[in-house]
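>>> any chance you could fold what I've pasted below:
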Amino acid sequence: MVWALSIDRSDITKASLVEEAPRPLQAGEVRLAVRRFALTANNITYAAFGEAMGYWRFFPGADGGGRLPVWGFAEISESRREGLKAGERVYGYLPAASELIVTPGKIRPESFVDFAAHRAELPAVYNRYERCAAIPAYDPAREAAQMVLQPLFLTSFLIDAWLRDAEFFGAQRIALTSASSKTALALAFLLTRSKPSGLRIEGLTSARNAAFVDASGLYDDVIAYEDIGSMDPEPARLIVDFAGSAEVNRALHTHAGERLKANIRVGGAHWDDSTPARGLPGPKPVFFFAPDHARDRISQWGPDGFARRQGEAWSSFVSAADTLLAWRSLEGAEAALDAYGALVQGEVPAREALVVEVEVKER
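Numbers count the residues shown, from 1 in each chain. A predicted model of the protein is given here:
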């Protein structure tokens, strides 16, 4: 039997484990045995926007429940596609489950693409799988960091490049909500590497995470959400919104007023308060969709140029991340279900990085 995490599409706090018999492969298909995957607040964003952004379409479930997209590693356990053999390790977009059947195309030494019909119209960046043996930067010892941080880091890398091109919209303050989130930490890291003169980075967070955010050393100012009213309203300000909280957005827009230059919405860490606030003073929040920006940057810089720039920035960040995060390994389906529930309820400490090992090891 194979298992999967099944999420109620109408209420993402409701999740269960489902089991089913594995189906035989058709010609041209490959069975991936999922070995390990990461669980972060980013995955809760996938669930919260599952319908609106099409995330539920990647891995349809026979029971009608949503299959949570995650980033992780798998091994080819069975292949009916020439050029791909059992035993090979791959990295990419997977369901929180024990297996995935793909229909590989564009097979290259370093990668392949899932050409399954239901994924044809979905963003290509999510359909590509790396073949680990042919990736020079692949390091088995860094798998956990790659799963937990690399997908988030790519988003931060793209935001950083875009904001620099836009000259930060003329802002002297950049406020990052959900400042304890790993995507916000990555952006703050990139901003501090080459910070424009006069720009201050503000980390907005809950009171319980304020000490962690301050200890990261990545923010010039750390502000608890309830203290937004004490922020200096005079400097021109830019918001990068990882929280997606309607209440926080209203407080920021009201306080900054005409001095607010832009509000870039990235995530929904505060998914239970993520309905966009209406009638906000100042500029309308604009959603940042990373796959579109990745496509544009690859077109601008070329595939090699994009990989080189992103790779250099990633190497710097992943080295720093070891001092920021505490890695926690979980084993098996029940642990994955429990961890998902804790993430939805906001009960996972900001410093923890969760990795699910799909197979329970014998003691």
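
>>> can you show me the strands along the stretch 201-350 of the chain?
221-224, 237-241, 260-265, 286-287, 326-331 (DSSP state E, counting those that start in this stretch).

>>> deepest in the core, which of these is it.
Burial of the strands of the stretch 201-350 of the chain is given as mean neighbour count (mean count of other Cβ atoms under 10 Å); strand 237-241 ranks first at a mean of 27. C-beta here means a position set from N, CA and C on the backbone, and glycine is covered the same way.

>>> in JSON lines: the strands of the stretch 201-350 of the chain, plus distance to residue 18 and mean pLDDT.
As requested, the strands of the stretch 201-350 of the chain are exported to JSON lines (distance: least, Cβ to Cβ, whole Å; pLDDT from 0 to 100):
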{"stretch": "strand 221-224", "distance to residue 18": "40", "mean pLDDT": "96"}
{"stretch": "strand 237-241", "distance to residue 18": "34", "mean pLDDT": "95"}
{"stretch": "strand 260-265", "distance to residue 18": "32", "mean pLDDT": "94"}
{"stretch": "strand 286-287", "distance to residue 18": "31", "mean pLDDT": "88"}
{"stretch": "strand 326-331", "distance to residue 18": "19", "mean pLDDT": "93"}
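
>>> which one of those lies nearest to residue 76?
Between residue 76 and the strands of the stretch 201-350 of the chain, the tightest spacing by Cβ to Cβ is seen for strand 326-331, at 22.4 Å.

>>> which other helices and strands contact the closest one?
helix 143-165, helix 332-344, strand 352-357 (3 or more Cβ pairs under 8 Å, 6 or more residues apart in numbering; DSSP states H and E).

>>> the ones you listed: which one's closest to residue 287?
If you check each of the helices and strands packed on strand 326-331 against residue 287 by Cβ to Cβ, helix 143-165 wins as the nearest, at 12.0 Å.

>>> figure out which of the helices and strands packed on strand 326-331 is closest to residue 321.
Between residue 321 and those, the shortest separation by Cβ to Cβ is 5.9 Å, and it involves helix 143-165.

>>> list the buried residues for the closest one?
Taking 16 or more other Cβ atoms under 10 Å as the neighbour-count basis, helix 143-165 is seen to contain the buried residues 143-161, 163.

>>> could you do stretch 42-58 as well?
42-50, 55-58.

>>> with stretch 169-183 instead?
By neighbour count on 16+ other Cβ under 10 Å, the buried set for stretch 169-183 is 171-183.

>>> in CSV: the residues you listed, plus distance to residue 33.
Formatted as CSV, the entries for these read as follows, by distance: Cβ to Cβ, whole Å:
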residue, distance to residue 33
171, 48
172, 51
173, 48
174, 43
175, 43
176, 38
177, 38
178, 34
179, 37
180, 34
181, 30
182, 27
183, 29
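
>>> need the max-distance pair from those.
172 and 182 (26.1 Å).

>>> filter the buried residues of stretch 169-183 down to the ones in helices?
The helices in this structure, assigned by DSSP state H, contain 182-183 from the buried residues of stretch 169-183.
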